[in-house]
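Q: Here is the input, now give the coordinates:
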Amino acid sequence: MKSRYEKELCNAKRPSVRKILNRDVSAGASIVLCVAQILRFRSKGNGQEPGKSKVTEEIRLELTDGWYGVPAVIDTILQTLVANEKIRVGSKLLICNAQISGSDEGVDPLDEIYSSEKRTCPLFLKITTNNTRLAKWDAKLGFVSPKCGGITIKSLRDIYPGGGNIPSIDLVICKRYPKMFLEQMITGEHQIPTTTHLTEGEEASRQSEYDLKKQRAGEKHADAAHSECAKELDEDAPSEWKQMVISNSPEEYYEKMSSAEKKVVDDWNERRPVLLQSMVSKFIGDSMRDESAPERKSNPYVKTLVKTFHRDQMTASTQASAELTVWRVSEEQFDLLKEGTVLRMKNLGVKEKSRDGFLQLRAGPETVMVPLSEESKRQLARSGYEERRPKSLIKINLMSKKMETDRLSNEVDVVACVAQIQKLGECLTAIYLTDETGLALKITRNHSATNTDPFQLGNAKAHLVVSFCNIQITAFDEIEQCATGTWGLFSCKTNRIDSRQEELDLWCHSQCGADTIGAVCARLEAGIPMIGGLSNRHQISIGFILSVFEEDGCKDSQRIKAAIDYGEAMPLVAEFPLHLIHRTLALLQSHELREHAQNADLLNISALNAYFQNNQKLMHLSFQVVSCYGGDSPTLRITQVSLANVDALSRLLMA
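A: All right, here's what the predicted structure looks like:
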């Protein structure tokens, strides 16, 4: 005790816990402490059933530096580790980024009011799982030297969701998505914001539109504000100025004033415009607030796909991935987050729940990003980084036929030629891409009704080579026999020019390219499969509906069949659902029979047959093979019906 007295009081060398409790040192510094005891506090609360109380137990740790103790509140994950005896009395813990809570002023561990064993202790630490690690048995208690560093997470698999911020980790940026903006429009009395994700172009347009509306609203109130404020302000004007204004000739009246009166008038003339402008601005602001004009806030962010950077011989297949979202991203940070860059990030946030199997990380202005020295391509490859490259349409068609469960595995970049653009609805558009193979990729995008160029193509749309990024591949279209994809939130068109794009551009403007693209367009318009035949379950036919009849004398209108002339010796027979009969009559513009077809009891087979025979039009029909059991032969069922495009069929046959 004498040596402790001399060291602490005479030489002013206090132990680490005492410095923290005195609030002379930050509790977030890296420190090694030992578990002195495990504290358990029980409390009663209201149970789910009325009249019954529920006993809850809180686990705390008493940590010591060898001299003084401090209580520590731990999160649920650390409590589980304590319950499983992973952390026990005598365990040494390496802790960083701890927080001290309780009294705003520091206390001394020798004070009577301080007791680390009591629940009412005035000061305590808050520690989290991601900022706590078991230390070696022979680790020295106390603050860790800055040279040794604190906790650096070695792998994403070592991160506990909901276990607090990450102190430090080395990450390689595998994929960077375009910068986005989270728009918040706050309206109404309850100030409930509505959020929308916007691209950079949409953000600029929305901000310009918002500023214009705000300016127009201000102009609307400006005239009324000026007259109201001028009237109110002039009531407090000096009497000399008022008399001058109401006189027949203010100039002559001013000349007859004394020097003192002139000074009063001159001073008011100088002050009046400033006061009037201030009052007008306040009046306009109050008027716009009274109208409950929406308030707009916009937060820029960028989402990246990251993996832990490893310098050892770790294989890429064992690497875990995470999605990192950087909020309020600055231009400097955006430049740092280039693909293939290795960054040491400190104080990263972790969400409690993952999304699509990916750990969700978040960074903000408080996150420190330090670029590491340039690493070799081999080290980046070991960490799981792959340079971004567009997929060929052959690969994309194979992916579409054999869908992966992993969302990231189905996300591709593509460079191809625009074959056709189709408007599928007011807010839905599809674009068909092709290349030298004649294969096609159909990409659909949902967009606003005012968006006339959803794929950012501009005026040049025919035979245009485009480069799209982050397209989500979906299931293969058995009817059109092409791969499909969707334009997602982070999909975009890039302006990069590489050898593949130049090669495709030459092919598009060649005779071979024009013929191939024309054939693809003709097949799309004619509704004929792109390459080869359909699958065993789907078929397409072009022909005339000869007649309809009830199956085996059955009076059930749901079992009506149609005979179709498709150019073979015997007609094709297929089930003809009632709703498709109605659609067929609508296409053939038979209003009278359509009204009968809406009611099954009024369906007249003879009238239908007479109408089909007298109004022969070439139809495009899609079928599905209905599986049968036993010895019965498979049955065809019509699934889609439309008028055949005769011009497109002619071009296709002549090609």
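Q: all helices of the stretch 451-600 of the chain, in order?
A: Here the stretch 451-600 of the chain has its helices, by DSSP state H, counting those that start in this stretch, at 499-508, 511-526, 578-587, 591-597.
Q: any chance of those in TSV, with mean pLDDT, mean neighbour count and distance to residue 604 too?
A: Glycine gets a C-beta too; all of them are placed from N, C-alpha and C. Converted to TSV, those look like this (pLDDT from 0 to 100; neighbours: other CB atoms under 10 Å; distance: least, CB to CB, whole Å):
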stretch	mean pLDDT	mean neighbour count	distance to residue 604
helix 499-508	88	15	54
helix 511-526	84	18	33
helix 578-587	85	17	11
helix 591-597	53	16	6
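Q: Looking at those helices, spot the one closest to residue 177.
A: Between residue 177 and those, the shortest gap by CB to CB is with helix 499-508, which sits at 21.1 Å.
Q: what's the angle from that closest one to helix 511-526?
A: 80 degrees (axes from the mean of the first three to the mean of the last three CA atoms, to 10 degrees).
Q: For helix 499-508, name the packing helices and strands.
A: strand 411-425, strand 465-477, helix 511-526 (3 or more CB pairs under 8 Å, 6 or more residues apart in numbering; DSSP states H and E).
Q: Alpha carbons of that helix, in PDB - could you do that?
A: What follows is helix 499-508, C-alpha atoms only, in PDB (Å, rounded to 0.1, in the frame of the first residue of the first chain):
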ATOM      1  CA  SER A 499     -12.800  -3.000 -77.500                       C
ATOM      2  CA  ARG A 500     -16.000  -5.100 -77.100                       C
ATOM      3  CA  GLN A 501     -18.200  -2.000 -77.600                       C
ATOM      4  CA  GLU A 502     -16.300  -0.900 -80.600                       C
ATOM      5  CA  GLU A 503     -16.500  -4.400 -82.100                       C
ATOM      6  CA  LEU A 504     -20.300  -4.500 -81.600                       C
ATOM      7  CA  ASP A 505     -20.700  -1.100 -83.000                       C
ATOM      8  CA  LEU A 506     -18.900  -2.200 -86.300                       C
ATOM      9  CA  TRP A 507     -21.100  -5.300 -86.400                       C
ATOM     10  CA  CYS A 508     -24.400  -3.400 -85.800                       C
END
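Q: Provide the contact partners of stretch 643-653 at residue level.
A: Outside stretch 643-653, the residues that touch it by CB atoms under 8 Å, 6 or more residues apart in numbering are 518-519, 522-523, 525-528, 542, 587, 617-620.
Q: hmm, try it at 6 Å
A: 522, 525, 526, 542, 587, 618, 619, 620 (CB atoms under 6 Å, 6 or more residues apart in numbering).
Q: a markdown table for the helices of the stretch 451-600 of the chain, including distance to residue 107?
A: A markdown table is the format used below for the helices of the stretch 451-600 of the chain (distance: least, CB to CB, whole Å):
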| stretch | distance to residue 107 |
| --- | --- |
| helix 499-508 | 68 |
| helix 511-526 | 78 |
| helix 578-587 | 79 |
| helix 591-597 | 87 |
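Q: So which helix or strand of the chain has the lowest pLDDT on average?
A: The helix or strand of the chain with the poorest confidence is helix 591-597; it has a mean of 53 (mean pLDDT, DSSP states H and E).
Q: got the buried residues for the following helix or strand past it?
A: Sequence-wise, the next helix or strand downstream of helix 591-597 (DSSP states H and E) is helix 605-614. For helix 605-614, burial by neighbour count (16 or more other CB atoms under 10 Å) applies to 608, 609, 611, 612.
Q: Make TSV from the contacts of stretch 643-653 and add distance to residue 229 to it.
A: Putting the contacts of stretch 643-653 into TSV (distance: CB to CB, whole Å) gives the following:
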residue	distance to residue 229
522	70
525	66
526	71
542	76
587	67
618	75
619	73
620	71
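Q: With respect to residue 18, which of these is nearest?
A: Taking CB to CB as the measure, residue 525 is the one of the contacts of stretch 643-653 closest to residue 18, at 83.0 Å.
Q: residue contacts, the closest one?
A: Counting by CB under 6 Å, 6+ apart, residue 525 has contacts 645, 648.
Q: can you confirm residue 115 is in a helix?
A: No - looking at residue 115 with DSSP: H, G, I helix; E, B strand; the rest coil, it is coil, so not inside a helix.
Q: Give me the distance between it and residue 217.
A: 62 Å (CB to CB, to the nearest Å).
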